[in-house]
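Novice: just coords:
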């Protein structure tokens, strides 16, 4: 779930960063913590196994898992994300976006960060059963202070459309990847 996403602006969060229409795991991405905005590796490992390379975590159970006991909260800016619908051996890519949500809810530690997920809502369930936890700007500070805002209204009214299979190759990084086909 949420194995690729898009940041379609340069210099996000005041950080020197070039827009990317196909961000893949292990990339350095802009992240906002309660202390600073910085680039961080999108790949998380618990303190006892820092090379575990987790990119997502279920928000419903994160507080129960030993891997995330020492994790801190972060915000990951985004403009959209990709999911693949499976049908037999075929995977069809879709681009998802929400007009007003600005951040994915995330967790981080010294090894890197990951995206929190939740059960998909509405029509997007037909594509994938999980989605990232989305946050409005007004949710962001509350989330960083420890509130569980996993049911924010930002997680509704998500739009999506089918896109080219060119997104399957993480080397492809063009604005045309998010265009509907």
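Specialist: Yep, that arrived. Not measured: the values here are computed from a predicted model.

Novice: Please verify my assumption that residue 98 contacts residue 160.
Specialist: No. Look at residue 98 against residue 160 with C-beta atoms under 8 Å: they stay out of range, at 9.8 Å. C-betas here are computed from N, CA, C, even on glycine.

Novice: Not counting its neighbours along the chain, what's nearest residue 144?
Specialist: residue 34 (4.6 Å; C-beta to C-beta, 6 or more residues apart in numbering).

Novice: how far does stretch 134-144 sit from the chain's center?
Specialist: Centroid displacement of stretch 134-144 relative to its chain, using C-alpha atoms, centre = their mean, to the nearest Å, is 14 Å.

Novice: Over to stretch 8-17?
Specialist: Here stretch 8-17 is found 16 Å from its chain centre; the criterion is C-alpha atoms, centre = their mean.

Novice: Endpoints of it, how far apart?
Specialist: Start-to-end span of stretch 8-17 (C-alpha to C-alpha, to the nearest Å) is 10 Å.

Novice: list the buried ones in that stretch?
Specialist: Within stretch 8-17, the residues scored as buried using 16 or more other C-beta atoms under 10 Å are 12, 13, 15, 17.

Novice: ok, the nearest residue to the third one once chain neighbours are set aside - contacts?
Specialist: Distances taken as C-beta to C-beta, 6+ apart place residue 30 nearest to residue 15, at 4.7 Å, with adjacent residues excluded. For residue 30, the contact set (C-beta atoms under 8 Å, 6 or more residues apart in numbering) comprises 7, 12, 13, 15, 17, 37, 38, 39, 40, 76, 77.

Novice: Just the element for residue 30, please.
Specialist: Residue 30 belongs to strand 28-32 when assigned by DSSP states H and E.

Novice: Return the distance of that strand from the chain's centre.
Specialist: For strand 28-32, the distance to the chain centre is 11 Å (C-alpha atoms, centre = their mean).

Novice: for that strand, what is the average pLDDT?
Specialist: When pLDDT is averaged along strand 28-32, the result is 98.
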